[in-house]
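Asker: Below is the structure, and that's it, no one-letter string:
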C-alpha cells in the first residue's frame with residue numbers, strides 16, 4: 001500500500017509543512033487521530049484523493065466513497081475528514097461518511113462577532 005501513497009503524494013503535500021511524510025499536526029489532531037484510530041495512510045490518502053472544500057475560512061479534505069470506488073486498497077478510509085488551518089496544519093481529523101453533505105451546507109465565510 002505504501003507504493004500507492006508515494007505516487008503523487010508529494011504534489012499534494014508540498015504546500016504543507018511536512019514532517020516524517022505527513023503534514024504538521026496540532027497536539028489536538030495527534031490526540032484525536034489516536035483516539036479515533038485514524039492511520040497515517042488514511043491521512044495521506046485523504047490528502048491525495050479526497051475532495052478539497054473551502055468552508056468557514058478553513059480547508060476540509062473529505063475522502064468520499066466516490067473518490068475511492070476504484071481503489072480497493074483505500075476503500076476502508078472512506079469518510080475520513082481532515083480540517084486544515086490557513087497554514088496547512090491539520091487541526092483535527094474524524095471519520096464520518098456523511099460529513100461531505102454536512103460541510104457543504106456550512107457557510108463559506110465565518111460570521112463576524
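Answerer: Yes, it's here. Remember, predicted model here, so these are calculated numbers, not experimental data.

Asker: Using the three-state scheme, assign the most centrally placed residue in the chain.
Answerer: Nearest to the mean C-alpha position of the chain, by CA atoms, centre = their mean, lies residue 82 at 3.3 Å. Secondary structure state of residue 82, per DSSP: H, G, I helix; E, B strand; the rest coil, is strand.

Asker: likewise residue 76?
Answerer: Recorded secondary structure, residue 76: helix (three-state DSSP).

Asker: From residue 48, how far out is it?
Answerer: 15 Å (CB to CB, to the nearest Å). The C-beta positions use only the backbone N, C-alpha and C, and glycine is treated the same way.

Asker: More neighbours: which of these two?
Answerer: residue 48 (21 against 13; other CB atoms under 10 Å).

Asker: I'd assumed the more buried one was in a strand, is it?
Answerer: No - checked against three-state DSSP, residue 48 lies outside a strand; its state is helix.

Asker: and it, what pLDDT?
Answerer: Per-residue confidence at residue 48 stands at 91 (pLDDT).

Asker: if we can go back for a sec, bridge partners for the residue nearest to the centre of the chain, pull those for me.
Answerer: Counting by DSSP bridges, residue 82 forms beta bridges with residue 61, residue 93.
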